[in-house]
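Peer 1: predicted structure and sequence below. I'll ask about it afterward.
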Amino acid sequence: MIFPFSAIVGQDEMKLGLLLNVIDPGIGGLLIMGEKGTGKSTAVRALTELLPEIDVVAGCPFGCDPEGYLCSTCRDSLEKDGELNREKRKMKVVELPLGITEDRLVGTLDIEHALKKGEKRFEPGLLASANRNFLYVDEVNLLEDHIVDLLLDSAAMGVNTVEREGISFTHPARFILVGTMNPEEGELRPQLLDRFGLCVRVTSLRDQDSRVEILRRRISFDTNPDGFLGDWQEQQDRLCRSVMDGRKRLGEIDTPEAALARIVSITTQLSLDGHRADIVILKAARALTALRGEQAIGQEEIREAAMLSLAHRQKRMPFEEIGSEMVKVEQVLSELSP
């Protein structure tokens, strides 16, 4: 059994970042910076248990969405039979090991079979399993740069394309990317950091009452899992409804011109390169507005979205402490007129 998401004590920014990516996967994933033992993997697994089952094409190795982008096999079946067999399944967490090779990640093409038979034979990689699921990358900063590049390219495009000797194969690879890292063990290149949509820093809770509550809930869950889950079922159902309703409302959220101007004012004052930060803040603010059941983006949604979107995009000068980036963001936000 999995510890319920609603029962996790503290780490509100991390939980919010995960929820916003579920409402709008186009945000671009979540990078969690911090020490071990702070509930990162627990929160991701708990979230998959919270969410309802999804429709997939029965027997498809990529778990294609019957109403969405289809792999070539599913497209052929649809053209031949006029319909696709469906089944329901829970989302899952696919973990990426540190020593993974490119072939294991993206998959491989059997070139000899293609040349002899004239047929493509594709051996799916980890990205195939990750489609429409969570892809969890622990210690992403210790991966080889080209592996991180492949991950982020697939996350951005929603497809994985493998090319060998003039032969190519493409399949859907739409996943919610969650990476973790301890900055003290090594940094990610700024170009890679910028491609993670949101970023949060997590630390062990220092408040005594919160730590006691963690122990109390853990003991209760370990002693009587069914009873503990039953006690939290109402909160779980309420949160699930909020998330799913938010996904439905996302396209209906109003974005006033004043909100756009405010977002641009924030990013220009921080002298950020490119436009990715502006876009991510907007997407996160819209998702947060939808989650809260509001109709139009407000200043508070922009502020919270900016806090999640900007810290990892700030350049830290030599000898500056880790975490000093957030101070700059907070200063700009505090100086903006209401």
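Peer 2: Received it, and whenever you're ready, just let me know what you need. Residues are numbered from 1 along each chain as shown.
Peer 1: shaky segments in the stretch 51-200 of the chain?
Peer 2: Flagging of the stretch 51-200 of the chain using pLDDT under 70 yields the residue ranges 110-121, 165-167.
Peer 1: and the strands in it?
Peer 2: Along the stretch 51-200 of the chain, the segments classed as strands by DSSP state E, counting those that start in this stretch run 54-57, 86-89, 93-95, 107-109, 122-124, 134-137, 159-164, 167-172, 176-181, 198-202.
Peer 1: let me see the confidence value for residue 40.
Peer 2: At residue 40 the predicted local distance difference test score is 84.
Peer 1: hmm, it is touching residue 31, no?
Peer 2: No: assessed by C-beta atoms under 8 Å, residue 40 is found out of contact with residue 31, at 10.7 Å. Just so you know, the C-beta spots here come from the backbone N, C-alpha and C atoms, and that holds for glycine as well.
Peer 1: what is in contact with the two at once?
Peer 2: Between them, residue 40 and residue 31 share the neighbouring residues residue 180, with contact defined by C-beta atoms under 8 Å, 6 or more residues apart in numbering.
Peer 1: now do the contacts for residue 332.
Peer 2: Shown here is residue 332, whose contacts under the criterion C-beta under 8 Å, 6+ apart are 266, 269, 270.
Peer 1: what sits closest to it if chain neighbours are left out?
Peer 2: residue 269 (4.8 Å; C-beta to C-beta, 6 or more residues apart in numbering).
Peer 1: any idea how far that neighbour is from residue 301?
Peer 2: Distance from residue 269 to residue 301, counting by C-beta to C-beta, to the nearest Å: 19 Å.
Peer 1: neighbour count winner among those two?
Peer 2: Taking neighbours as other C-beta atoms under 10 Å, residue 269 and residue 301 compare with residue 301 leading, 23 against 15.
Peer 1: doesn't the more buried one belong to a helix?
Peer 2: Yes: according to DSSP: H, G, I helix; E, B strand; the rest coil, the state of residue 301 is that of a helix.
Peer 1: and it, what does it touch?
Peer 2: Going by C-beta under 8 Å, 6+ apart, residue 301 touches 285, 288, 289, 292, 294.
Peer 1: make sure the third one is actually in contact with residue 299.
Peer 2: I take that to be residue 289. No: here residue 289 does not reach residue 299: they are 11.4 Å apart, not a contact under C-beta under 8 Å.
Peer 1: make CSV from the strands of the stretch 51-200 of the chain and add distance to residue 15 to it.
Peer 2: Listed next are the strands of the stretch 51-200 of the chain as CSV, based on distance: least, C-beta to C-beta, whole Å:
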stretch, distance to residue 15
strand 54-57, 21
strand 86-89, 24
strand 93-95, 15
strand 107-109, 33
strand 122-124, 31
strand 134-137, 14
strand 159-164, 29
strand 167-172, 27
strand 176-181, 12
strand 198-202, 9
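Peer 1: export the ones you listed to JSON lines and tack on mean neighbour count and distance to residue 22?
Peer 2: JSON lines is the format used below for those (neighbours: other C-beta atoms under 10 Å; distance: least, C-beta to C-beta, whole Å):
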{"stretch": "strand 54-57", "mean neighbour count": "18", "distance to residue 22": "11"}
{"stretch": "strand 86-89", "mean neighbour count": "12", "distance to residue 22": "16"}
{"stretch": "strand 93-95", "mean neighbour count": "16", "distance to residue 22": "13"}
{"stretch": "strand 107-109", "mean neighbour count": "19", "distance to residue 22": "26"}
{"stretch": "strand 122-124", "mean neighbour count": "17", "distance to residue 22": "24"}
{"stretch": "strand 134-137", "mean neighbour count": "24", "distance to residue 22": "9"}
{"stretch": "strand 159-164", "mean neighbour count": "17", "distance to residue 22": "20"}
{"stretch": "strand 167-172", "mean neighbour count": "18", "distance to residue 22": "18"}
{"stretch": "strand 176-181", "mean neighbour count": "24", "distance to residue 22": "7"}
{"stretch": "strand 198-202", "mean neighbour count": "22", "distance to residue 22": "12"}
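Peer 1: of all those strands, which one is nearest residue 20?
Peer 2: Set against residue 20 and scored by C-beta to C-beta, those come closest in strand 198-202, at 6.9 Å.
Peer 1: got the buried residues for the next helix or strand after the closest one?
Peer 2: Moving toward the C-terminus from strand 198-202, the next helix or strand (DSSP states H and E) is helix 208-223. Applying a neighbour-count criterion of 16 or more other C-beta atoms under 10 Å, the buried positions in helix 208-223 are 214, 217, 221.
Peer 1: before we move on, what about stretch 145-152?
Peer 2: Of the residues in stretch 145-152, 147, 148, 150, 151, 152 count as buried by neighbour count, 16+ other C-beta under 10 Å.
Peer 1: which one of those residues sits closest to residue 168?
Peer 2: residue 150 (15.1 Å).
Peer 1: pretty sure that closest one contacts residue 103?
Peer 2: No: with contact defined as C-beta under 8 Å, residue 150 and residue 103 do not form a contacting pair (10.9 Å).
Peer 1: so what sits against both of the two?
Peer 2: Listed as contacting both residue 150 and residue 103 by C-beta under 8 Å, 6+ apart is no residue at all.
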